[in-house]
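**Student:** Starting from these lines, generate the structure:
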Amino acid sequence: MRIAAKCPACLLNRVYLECKIATNDQSKIERAVGEALKILSEEYEKRGINALIATKVHRRVYEVLGVEDPYKPLKDRANAVAMKNLPFVEDFISKLSDKFYGAVVASIIGNAFDYGVLDHKVEEDNFKMYFLKMFAKGLTIDDTEEIKDLCRGKVVYVTDNAGEIFFDYLLIREIKKISEKVSVVVRGKPILSDATIEDAKLAGIDKVADEILPNGGEIGIDEEMLPEVTKSRIEEADVIVAKGMANYECLSESKWENVAFLLTAKCEPVARDIGVSVGSMVAMLK
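**Tutor:** Next up, the predicted model:
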């Protein structure tokens, strides 16, 4: 998915958020925003993939701020909220006749742990009520059965956010019951509120997956930046399970087929590209 007219506003909103988390130095904040604007002005007309443009922007902002992981406090908070609510969600799924479907929906509800998206609020205080409301709402696009069939082979599961990854654990556990092999891909180094190897291990992913691999550190998947082992796993996979909007932005135009997009469409450009309304949850097979 290419950068849309609303994307720069959302991107700059995130830039300002991470600046405010990292420093009170107004001159540093102004310089960071200025650098972000320079990159956006150069890249917007090229109409590249939004997530990869965002990677360039945020990496430069991190350099200006002199921080490696400005979202660390928000990620820790998301992990704490998810960890607290995981037993409730796990018990809820255990009572369903179709546990695979339940785990898919739970993982997509978890995709709401996404800080800085314009017009999107992360529900932390009343997560149980939010979970029940969203589960009852269900999927706008539901290719769960087709996705499950493909999961009987080799699976690459590309994660998205911290917090969310605790609910990915439940789905990966279900996939592992039927799959030949499950390789889980996390961000190679901190960026936004995305899950890294530390978040994955905290959520217990290493206990249910065959391996955890890095993506190279980009927001989403950039084939040119993937480590060779990660790229080879993707090439060999029977299905790529891609969580979240950034992975959709990258992989919706990739050469790879059999990509299962599991996400909540939290912004208007992504929702429009998929063909759903904002707030819709989808399990969509490419």
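**Student:** Only C-alpha atoms from now on, for both contacts and neighbour counts.
**Tutor:** Noted.
**Student:** Now the phi/psi pair for residue 231, please.
**Tutor:** Dihedral angles of residue 231 (phi, psi; degrees, to the nearest 10) stand at phi -60, psi -40.
**Student:** pLDDT score for it?
**Tutor:** Here the pLDDT value assigned to residue 231 is 97.
**Student:** I'd like the distance between it and residue 26.
**Tutor:** Counting by CA to CA, to the nearest Å, the separation of residue 231 from residue 26 is 41 Å.
**Student:** can you check residue 64 too?
**Tutor:** Residue 64 is 12 Å from residue 26, by CA to CA.
**Student:** One more: residue 51?
**Tutor:** Distance from residue 51 to residue 26, by CA to CA: 27 Å.
**Student:** And for residue 125?
**Tutor:** Taken as CA to CA, the span from residue 125 to residue 26 is 31 Å.
**Student:** where exactly do the helices run in this structure?
**Tutor:** Counting by DSSP state H, the segments of the chain that form helices are 7-22, 26-43, 50-65, 72-94, 99-110, 127-137, 144-150, 164-178, 197-202, 205-208, 228-236, 244-251, 268-274.
**Student:** Save the ones you listed as JSON lines, and put in mean neighbour count too.
**Tutor:** As requested, the helices of the chain are exported to JSON lines (neighbours: other CA atoms under 10 Å):
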{"stretch": "helix 7-22", "mean neighbour count": "19"}
{"stretch": "helix 26-43", "mean neighbour count": "16"}
{"stretch": "helix 50-65", "mean neighbour count": "20"}
{"stretch": "helix 72-94", "mean neighbour count": "17"}
{"stretch": "helix 99-110", "mean neighbour count": "24"}
{"stretch": "helix 127-137", "mean neighbour count": "14"}
{"stretch": "helix 144-150", "mean neighbour count": "17"}
{"stretch": "helix 164-178", "mean neighbour count": "23"}
{"stretch": "helix 197-202", "mean neighbour count": "18"}
{"stretch": "helix 205-208", "mean neighbour count": "17"}
{"stretch": "helix 228-236", "mean neighbour count": "16"}
{"stretch": "helix 244-251", "mean neighbour count": "24"}
{"stretch": "helix 268-274", "mean neighbour count": "17"}
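**Student:** Reformat those helices as CSV; add distance to residue 184.
**Tutor:** Putting the helices of the chain into CSV (distance: least, CA to CA, whole Å) gives the following:
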stretch, distance to residue 184
helix 7-22, 26
helix 26-43, 31
helix 50-65, 20
helix 72-94, 18
helix 99-110, 14
helix 127-137, 24
helix 144-150, 16
helix 164-178, 9
helix 197-202, 9
helix 205-208, 8
helix 228-236, 9
helix 244-251, 14
helix 268-274, 24
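**Student:** Of those helices, which is nearest residue 190?
**Tutor:** Closest of these to residue 190 is helix 72-94, at 8.6 Å (criterion: CA to CA).
**Student:** Could you report the pLDDT at residue 124?
**Tutor:** Looking at residue 124, its pLDDT stands at 78.
**Student:** you'd agree it is up against residue 80?
**Tutor:** No. At 9.8 Å, residue 124 does not count as touching residue 80 under the criterion of CA atoms under 8 Å.
**Student:** gap between residue 229 and residue 89?
**Tutor:** Taking CA to CA, one finds residue 229 at 33 Å from residue 89.
**Student:** so how far is stretch 14-24 from its chain's centroid?
**Tutor:** 20 Å (CA atoms, centre = their mean, to the nearest Å).
**Student:** Need the contact partners of it.
**Tutor:** 29, 32-33, 36, 58, 61, 65, 67, 70-71, 115-117 (CA atoms under 8 Å, 6 or more residues apart in numbering).
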